[in-house]
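Q: Fold the following.
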Amino acid sequence: QVQLVESGGGLVQAGGSLRLSCAASGRTISLYEVGWFRQAPGKEREFVASVDKNGGTTYYADSVKGRFTISKHNGERTIYLQLSSLKPDDTAVYYCAAPSLGRPATRIATDYDYWGQGTQVTVSS
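A: Residues are numbered from 1 along each chain as shown. Predicted coordinates:
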């Protein structure tokens, strides 16, 4: 099993930046692919980005492509999500998640078995 803890959220003005961190413990995170999701009030949880085990292959939702960057640092046991050019529509609770060992990090939330508690990102206009 793997345990995930997010941090780095906060209040930022539109156009600003934040870096979210996802600290992993338990079974070594180098064995897992990882995804970031977000959930705004009254909306379903949606895919943001994912990264493979080694951090070499990444995928992004169209809504964040070119503005967000996911990176995986196995030595640090941490996955980062750099948020830039933030918009009010990016306001949400952001979660990192991992599927079971050997499973791919997809765009579907129900494919993930391990979740952090989330970190709030609020973007003011």
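Q: What separation is there between the residue nearest the centre of the chain and residue 51?
A: By CA atoms, centre = their mean, the mean C-alpha position of the chain lies nearest to residue 36, the distance being 2.4 Å. Separation of residue 36 from residue 51 (CB to CB, to the nearest Å): 9 Å. (C-beta placed from N, C-alpha, C; glycine too.)
Q: Now do the contacts for the residue nearest to the centre of the chain.
A: The contact partners of residue 36, taken as CB atoms under 8 Å, 6 or more residues apart in numbering, are 20, 22, 48-50, 70, 79, 81, 94-97.
Q: hmm, try it at 6 Å
A: Listed by CB atoms under 6 Å, 6 or more residues apart in numbering, the contact set of residue 36 reads 48-49, 81, 96.
Q: So what's the residue count around the residue lying closest to it once chain neighbours are set aside?
A: Take residue 36 and drop its neighbours on the chain: the residue closest to it by CB to CB, 6 or more residues apart in numbering is residue 48, 4.3 Å away. Using other CB atoms under 10 Å, residue 48 is surrounded by 25 other residues.
Q: just residue 75 next, same as before
A: Residue 75, neighbours per other CB under 10 Å, totals 6.
Q: Regarding it, what is its secondary structure?
A: In three-state terms, and counting by DSSP: H, G, I helix; E, B strand; the rest coil, residue 75 is helix.
Q: From residue 8, how far out is it?
A: From residue 75 to residue 8 the distance is 19 Å (CB to CB).
Q: Enumerate every residue touching the closest residue in space to residue 119 that isn't next to it in sequence.
A: Closest residue to residue 119 apart from its sequence neighbours, by CB to CB, 6+ apart: residue 9 at 3.4 Å. With contact set as CB under 6 Å, 6+ apart, residue 9 has these partners: 119-121.
Q: again, 10 Å this time
A: 18, 20-21, 83, 92-94, 118-122 (CB atoms under 10 Å, 6 or more residues apart in numbering).
Q: mind putting the contacts of residue 36 in JSON lines, pLDDT included?
A: Output for the contacts of residue 36, formatted as JSON lines (pLDDT from 0 to 100):
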{"residue": "48", "pLDDT": "98"}
{"residue": "49", "pLDDT": "98"}
{"residue": "81", "pLDDT": "98"}
{"residue": "96", "pLDDT": "98"}
